[in-house]
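Peer 1: Dropping the sequence and predicted coords here.
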Amino acid sequence: MQQRFHTWLVDRADEAILRWIFRSVVTVTIAVLAFDLASTQGWIVSPDLAAVPAEVREDSPALNLPSLVPSILAPLLPGADKRLVPLPQPEGTTAKPMTFELVGGGKLMATGTITPGSSENFAAEVGRHSEYIKTVVLNSPGGSVTDALAMGRLIRERKFATEVEPGKFCVSSCPLVFAGGVERRAGDGATIGVHQVAAIRSVANGPPPRDEMSLAQNISARCQHYLDDMGVSLQVWVHAMETPHDKLFVFKPDELKSLKMVTAAPAAAPVAGPAAAKTRS
């Protein structure tokens, strides 16, 4: 083969070889442009894989693998990366460890980063004011997955609602807390988004793991079981796992409803009432 290729090169002038290379490049370019034009004009129909939730049987925590495979491949399809946005950088109170403030209307405002120990502070706050708390209002860039799961479990145990107010955000691990609400509300312009776990070691207690892949799979399984228990479609976690940790997959309002992340319309602000009781932790 090497001899034949050498003979072919010797028998042809440099200009002929360059013309052959140029024609090949032009042919490939035309083919790519034709495919792109066909896609944009709708001549080639690709299903909106991100909009089709992969449902999970209620009697089984296992994933419906055949329906998930197309979604896992979604980022490789044309236009799939348009759903990803840069990860917002927390500022002010959201960049600090999460604090809790009890306000009027039975609302507990949870603002800031979920750090190791946030779930314990939350539990203490709930223990002091559980008879007053009706809704946990979130504004957080996420953080510790372990603490987020613990907070969400406690919210469900106490039958609290959860809410993200208009213009606020609940991203990264925060949607796990949000999923704990028996009712879940998101205001207009609220941002709810997910991505991959960024640092495996930061979400587990104890010494560094020997097998980080095993730990990552364990965390993924815990989150899947949790979302299933909360009545949320596991497609939410699929979107998280297929989004790089430095990006964010933001759910559209109709997706929040179809994936059962949101269950109710935002509650109307109370017209009047006694002075709000406030506490901080």
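Peer 2: Arrived safely. Remember, predicted model here, so these are calculated numbers, not experimental data.
Peer 1: Which secondary structure element of the chain has the lowest mean pLDDT?
Peer 2: The weakest-scoring helix or strand in the chain, judged by mean pLDDT, DSSP states H and E, is helix 65-72 (a mean of 32).
Peer 1: Quick check: what element follows that helix along the chain?
Peer 2: Going down the chain from helix 65-72, the next helix or strand is strand 84-86, by DSSP states H and E.
Peer 1: how about the following helix or strand past that following strand: buried residues?
Peer 2: Using DSSP H and E, the helix or strand that follows strand 84-86 towards the C-terminus is strand 99-103. By 16 or more other CB atoms under 10 Å, the buried positions in strand 99-103 come out as 100-102. C-beta coordinates here come from the backbone N, C-alpha and C atoms, glycine included.
Peer 1: any chance of these in CSV, with pLDDT too?
Peer 2: Shown next, in CSV, are those (pLDDT from 0 to 100):
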residue, pLDDT
100, 97
101, 96
102, 95
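Peer 1: all helices of the protein, in order?
Peer 2: Listed in chain order, the helices of the chain (DSSP state H) span 2-11, 14-40, 65-72, 118-129, 145-157, 174-178, 212-229, 235-241, 253-258.
Peer 1: thinking again about what came up before, can you lay out the buried residues of strand 99-103 as CSV showing distance to residue 90?
Peer 2: Putting the buried residues of strand 99-103 into CSV (distance: CB to CB, whole Å) gives the following:
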residue, distance to residue 90
100, 17
101, 17
102, 23
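Peer 1: What is the neighbour count of residue 92?
Peer 2: By other CB atoms under 10 Å, 8 other residues sit near residue 92.
Peer 1: I meant to write residue 217 there.
Peer 2: Based on other CB under 10 Å, the number of other residues close to residue 217 is 11.
Peer 1: Look up the pLDDT of it for me, please.
Peer 2: pLDDT recorded at residue 217 is 82.
Peer 1: Please determine how far it is located from residue 137.
Peer 2: 33 Å (CB to CB, to the nearest Å).
Peer 1: And residue 181, by the same measure?
Peer 2: 10 Å.
Peer 1: Could you tell me which residues touch both of the two?
Peer 2: 162-163 (CB atoms under 8 Å, 6 or more residues apart in numbering).
Peer 1: Among the helices of the chain, show me which one is buried the most.
Peer 2: The highest mean neighbour count among the helices of the chain, using mean count of other CB atoms under 10 Å, belongs to helix 174-178: a mean of 29.
Peer 1: Tell me where the model's unsure across the protein.
Peer 2: 1-20, 22, 37-82, 198-211, 266-281 (pLDDT under 70).
Peer 1: let's see 90
Peer 2: Low-confidence segments of the chain (pLDDT under 90): 1-95, 130, 196-220, 244-246, 264-281.
Peer 1: pretty sure residue 108 contacts residue 125?
Peer 2: Yes. Between residue 108 and residue 125 there is a contact under CB atoms under 8 Å: 6.8 Å.
Peer 1: residues shared between the contacts of those two?
Peer 2: 100, 102.
Peer 1: I'd like to know how far the residue nearest to residue 176 when sequence neighbours are not counted sits from residue 84.
Peer 2: Leaving aside its chain neighbours, residue 176 sits nearest to residue 148 (4.1 Å; criterion: CB to CB, 6 or more residues apart in numbering). Distance, residue 148 to residue 84, using CB to CB: 21 Å.
Peer 1: With residue 258 instead?
Peer 2: 19 Å.
Peer 1: what do you get for residue 256?
Peer 2: 17 Å.
Peer 1: Can you tell me the closest non-neighbouring residue to residue 93?
Peer 2: That would be residue 111: by CB to CB, 6+ apart, it lies 5.2 Å from residue 93.
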